[in-house]
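# heads up, no residue letters with this:
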C-alpha cells in the first residue's frame, strides 16, 4: 500500500470522524454552558458584533446556546449526526464570518465563544474556527461509527428485508 | 090412492112401499141399492124379469144387473148398456131439475138394446155423475100395469131415486172422506218426516256447531297440551260423556302427554305397563289400525278394559306411525251406550283435533328451531363481531407495522443524508427548550428588548445637544460600551455604559438635581444603548431626559 491511499484511508477513517465528533460535541456542550447560564451577557456579546438586528439579539442569545447544546449532545450520542453536524457547521460559518467582518471593521471586541470576557478577536480566532469547521465537515462526511440511530435502525432494516 | 079400490091390495102396496123404503134407507151404495131394489120391486107386482143399468163416476163405470133374463139377453144388455144410457143421458146432460123419465107400452120391446118383452122403463137422473135405467118385464099374470101398479112403481122408483141420490152423495162423501183421510195420513206422515228431518237437522246442526267450535278453539291453540284438553272437553260435551282422558304417545320426542277429566288422575302415565295398555288398543284393531291422520273406535272390549280408569269407549288416533294416542271416555251421563252418530261425531272431532295437534307440534318444533336459530345467530353475530374486531386490530396492527416500517425506512435513509425534518426537529426542540428554560431562569432576559416596546423618549439633534451642553443646561451621557469608546466621544460627555449604570450613577449622577437635563447617545444596529440608559435615568426620577438623534460619528473626538 502506498502512502497516498494510506493517508487517504487514515484521514477518512470513521474512527477519526468519531474522535472529531466527540471533540466537537464536547466543545459545543462546553461552549453552551456559560452562555445558557449568563444569557444577558451573551446578548451583549452578540450586540457587540453589530450584525444582528436589535429586535433579534435577545432571541438569538436565548436560543443559540441551546442549539449548540442539543447538537453537541447528539454528536456525542451519535444520533442524527449529519443533521447536527450540518447545524453546527452553519453556526460555525456564521461565527467565522462575523469575526472576519469585525476584524475588517477593526472592532476591539471579544470572541464571546466560551466566556464573556476573552481576548479580542483575531485571525487566530478565525483559523481556530476554520479548523473546527473542517472537523465538522469531516464528521459530516465520514462518521459512521457508534451511531445510536444506525445501531437501532440497522437490525430493523435487516429484519424487514 | 083411490078409496074405491081393494083395501087389501092397497095395504099390500103400502106395505111393499114401506118395506122397500125401510130396506133402502140403510143402503149407502148405489149398486147395493139396485140389488135390493130390483127383486123387492118385482116380487110384489109379480114381474118376471127386470134389469138395471148404472153409470157412475167421472170415468163412466158401468154396472148392469138383471133378474129373470136369459144370459144371452143379459149379455146383449150389458153390451148395449152404454149406448142405451147415452140415449137417455146424452153428453152434457144436467140432472138439476130433471125428472124421472118413465116409458111404458109394448113398443119398448122393439128397441134392440132392450129385452124383448120389456114393459116399463125408468130413466133416473140421480145426479150429474150417476145415471140409472131400470126396466121391468111382463107380469107373471100376463096383465099389464094398472093404475095402482103404476102408482106403486112410481113410488118405488121415486124412493129408489132418493136412495140412489143419498147413496151417491154418501159414496162421494165416503170418497171425499177417504181422500181426506188419505191426505191426512199423508200429511201426518209428512209431518212425522218433517219432525224427524228437523230432529236430524238439529242433530246435524249440533254436530256442525260442535265441529265448528272445536275447530275454532283448537286452531287457535299453540301448545299441544292445550289442544289435548280442548279435544277432550269438546268430545265429552258433544256426546255427554261423564269423564275421560286423552293420552298422546309422541315417540319422536320420547314423551307421553295426557289430559284428563274425571278419570285417570292417579295414573303414572310414564310406566311401560300404561304404554303397553295404550298401544294394546292399536294392536286389537289388527288390520284396521289407524293410518296417518286417521282414527278408529276400538272394538275389542278386553283391550279397552285394560286401559286405566273405567273406560266405556276408546278411540285410537294416529298422526303418523310414531305419534299416536287414545281418547278414552267413561259412561254417558244419562246412561246407555254411545250411538253410532255420537261415535261418528267423535271421529269427526278427532280429525280436526289431529290437524290442530299436528300444527301445534309443528309450531312447537318451529319455535324450538327458531330459538336455536336465534341462539346460533347470536353466536354467529358474536363471532362476526370478534372477527370484525380482530380484523380491525389486524388492520390497525398492519397500519402500525407500515408506519413503523416507514419510520424504520425513513430513519435508515436519514442515516446517510441530512433530513429537513431532523433539522427542523432539532431547531424547534432547541427553541422550545431555550424559551422554557429562559422563562424559568431567574437570570433570563426578555425575548424582545423592553426598550423596543417603550415609548420613544424626547429626541434632540447633535448640534442642539452640544449647544445645551456648552451653556451648561444639559449633561451629555455616552451610553455605549467600553469597546466603542475607542472611536471617540462627544465633547463634554459623561460615559455611563449600561452594565455599569448603577455604579456610575451612584458615584457621579446621583448628586445632580432631579431636574437636570440629560441628553443620551449611543446606538448601533444591534443595540439601543441610548434608549435603555434613558429609561434607567427616568426610573431614577429624572424626567428631563432626551436622546440625541442622528449620526454622531462625525462629531466624535478621541479623548487624550
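Everything's here; your move. Bear in mind the structure is a predicted one, so any value in this text is a computation, not a measurement.

# what comes up buried for the least confident helix or strand in chain B by mean pLDDT?
The least trusted helix or strand in chain B, going by mean pLDDT, DSSP states H and E, turns out to be strand B:101-104, with a mean of 81. Under the neighbour-count criterion of 16 or more other CB atoms under 10 Å in any protein chain shown, strand B:101-104 has B:103-104 buried. Using the backbone N, CA and C atoms, a C-beta is placed for each residue, glycine as well.

# And the contacts of that strand?
By CB atoms under 8 Å, 6 or more residues apart in numbering or on different chains, the residues outside strand B:101-104 that reach it are B:88, B:119-123, B:145, B:150, B:154, B:157.

# Buried only: go through these for me.
Using 16+ other CB under 10 Å, the buried ones in the contacts of strand B:101-104 are B:88, B:119-123, B:145, B:157.

# just to revisit the earlier point, can I get the contacts of strand B:101-104 in TSV including distance to chain A, secondary structure and pLDDT?
Putting those into TSV (distance: CB to the nearest CB, whole Å; DSSP: H, G, I helix; E, B strand; the rest coil; pLDDT from 0 to 100) gives the following:
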residue	distance to chain A	secondary structure	pLDDT
B:88	151	helix	84
B:119	166	coil	83
B:120	163	strand	86
B:121	158	strand	88
B:122	157	strand	89
B:123	153	strand	88
B:145	169	coil	80
B:150	168	helix	82
B:154	163	helix	86
B:157	158	helix	88
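
# and the closest residue to residue B:154 other than its chain neighbours, what are its bridge partners?
Excluding the flanking residues, the one nearest residue B:154 by CB to CB, 6 or more residues apart in numbering or on different chains is residue B:102, at 7.2 Å. With DSSP bridges applied, residue B:102 shows beta-bridge pairing to residue B:122.

# Could you check how far residue B:102 is from chain A?
161 Å (CB to the nearest CB, to the nearest Å).

# okay, among the buried ones among the contacts of strand B:101-104, which ones form the most distant pair?
B:88 and B:145 (20.0 Å; CB to CB).

# Provide a list of residues in contact with the residue nearest to residue B:515 when sequence neighbours are not counted.
Take residue B:515 and drop its neighbours on the chain: the residue closest to it by CB to CB, 6+ apart is residue B:544, 6.0 Å away. Neighbour list for residue B:544: B:515-518 [criterion: CB under 8 Å, 6+ apart].

# Name the residues that touch the helix or strand where residue B:32 lies?
Taking DSSP states H and E as the definition, residue B:32 sits inside helix B:30-45. By CB under 8 Å, 6+ apart, the residues outside helix B:30-45 that reach it are B:12-13, B:16, B:19-20, B:23-24, B:27, B:47-52, B:54, B:56, B:63, B:65, B:67-68, B:126, B:130, B:132, B:134, B:136, B:139, B:145, B:149, B:152-153, B:156, B:160, B:163-164, B:167-168, B:171.

# Now that helix: average pLDDT?
Per-region confidence: helix B:30-45 scores 88 on mean pLDDT.

# what comes up buried for that helix?
Quick answer for helix B:30-45 (16+ other CB under 10 Å): B:30, B:33-38, B:40-42, B:44-45.

# quick one: the helices in chain A?
With DSSP state H, the ranges of helices along chain A come out as A:3-11, A:14-37, A:39-49, A:54-77, A:81-105, A:123-142, A:148-160.

# Tell me which stretches of the stretch 401-550 of chain B form strands.
All strands of the stretch 401-550 of chain B, identified by DSSP state E, counting those that start in this stretch, fall at B:458-460, B:474-478, B:494-495, B:517-521, B:545-548.
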